[in-house]
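Chemist: Following is a predicted model, sequence given first.
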Amino acid sequence: MSWIREGELNLIEKFSASILKAGPMPKHIAFIMDGNRRFARKKNMECLQGHMQGFNKLAETLRWCKHLNIQEVTVYAFSIENFKRTQDEVDGLMELAKQKFVRLLEEQENLEKHGVCIRVLGDLNMLPLDLQQLIAKAVGMTKSHNKCFLNVCFAYTARYEITNAVREMAWGVEQGLIKASDVSEALLSECLYSNNSPNPDLLIRTSGEVRLSDFLLWQTSHSCIVFQSVLWPEYSFWNLCDAILQYQLNHKSIQSARDLHREHQVLQQLESDRACIAEYLQHQGNGKPVDAQRSQEALQHYTACREERIQDFLQALKQKRDSYFNDLWRETISS
């Protein structure tokens, strides 16, 4: 089954989509695609067949998102916690993932036509090497595409992602690329797996469960969260429309919360910079008062230096991450 479904919406769907698009639309939607195993039990089929049906539904949902001008989708494909399932199920999911990424690699022309960029977020070292190599190929093949983005969270939990981001900042301090005082909310966000994406506007969880299950905890602090009772393989265009409508009804309060948070981050950083400069100048002047002009000039210089350090660190971090995919790519070619 293709990752990218062709085909138009029917007349009623088109009409409904046009009404929805008259209001504020989410640019980035995240899905917790829950209910595959329950769907399999309901239909008296093998568990893996339920996951197959779930993938087919993802392909269909991506088509709907394309027609609704939703440019980015993030999906929770495999949690680190899922490794605790039976070995047969884990092995089956790994094999299914391999099949789907092989299929994806065969769709290069279609992906290029629609400008789809595939990103895989998580600790890929936890996966079988051949699956890592397929993922590296898919990511490399589509990295220059920029019309729409599909982020697949695989071997992922939010707590692990945040912990990893803290490790990356600690590495930056150890390497002398940044100072401990440079560490901030904004920098941590840049060190997450999702640093290339805006935070989701809307998070949807299916199956009736009303918890986030360690998914995008940092990124969805100011997102609209919608829980729907439908099992993922039974998800419909109308379920998606209902979730978007809930986002639109709450859009104003969501934007206000985001704006306030951005203002708070700016003020927090400014206060941190001023405190660092005041301490430095007092030390330089042996505790004597510092005039306002010198203090302002020092603040501007410190801010410029901090921004330069952070950009150098982020560039080094990008190179470090890119080398992982490049090494896998070379291993694939040589094998």
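Modeler: It's in.
Chemist: Low-confidence regions, the stretch 201-335 of the chain specifically.
Modeler: Along the stretch 201-335 of the chain, the model assigns pLDDT under 70 to residues 280-292, 294, 333-335.
Chemist: can you give me the helices for it?
Modeler: 237-249, 251-284, 292-334 (DSSP state H, counting those that start in this stretch).
Chemist: now the last one and helix 251-284, what's the angle there?
Modeler: Going back to what we said before, that points to helix 292-334. Helix 292-334 runs at 110 degrees relative to helix 251-284, counting by axes from the mean of the first three to the mean of the last three CA atoms, to 10 degrees.
Chemist: any idea how far helix 292-334 is from the chain center?
Modeler: 20 Å (CA atoms, centre = their mean, to the nearest Å).
Chemist: Equivalent analysis for stretch 25-41, please.
Modeler: With CA atoms, centre = their mean, you get 15 Å for stretch 25-41.
Chemist: Stretch 108-124 now?
Modeler: For stretch 108-124, the distance to the chain centre is 13 Å (CA atoms, centre = their mean).
Chemist: who touches it?
Modeler: 2-4, 66, 74, 78, 80, 104, 132, 135, 138-139, 141-156, 160-161, 164, 193-194, 196-197, 324 (CB atoms under 8 Å, 6 or more residues apart in numbering). Every C-beta, even on glycine, is put in place using the N, C-alpha and C of the backbone.
Chemist: go again using 6 Å as the cut-off
Modeler: 4, 132, 135, 138, 142, 145, 147-156, 193 (CB atoms under 6 Å, 6 or more residues apart in numbering).
Chemist: ok, back up a step: compare the helices of the stretch 201-335 of the chain and report which one is nearest to Leu127.
Modeler: helix 292-334 (10.9 Å; CB to CB).
Chemist: and the closest one, what does it pack onto?
Modeler: For helix 292-334, the packing partners by 3 or more CB pairs under 6 Å, 6 or more residues apart in numbering; DSSP states H and E come out as helix 129-142, helix 251-284.
Chemist: Let me know which of those is tucked in deepest.
Modeler: Counting by mean count of other CB atoms under 10 Å, helix 129-142 has the highest mean neighbour count of these, with a mean of 20.
Chemist: report the angle between the axes of that one and helix 292-334?
Modeler: Going by the same axes, to 10 degrees, helix 129-142 makes 120 degrees with helix 292-334.
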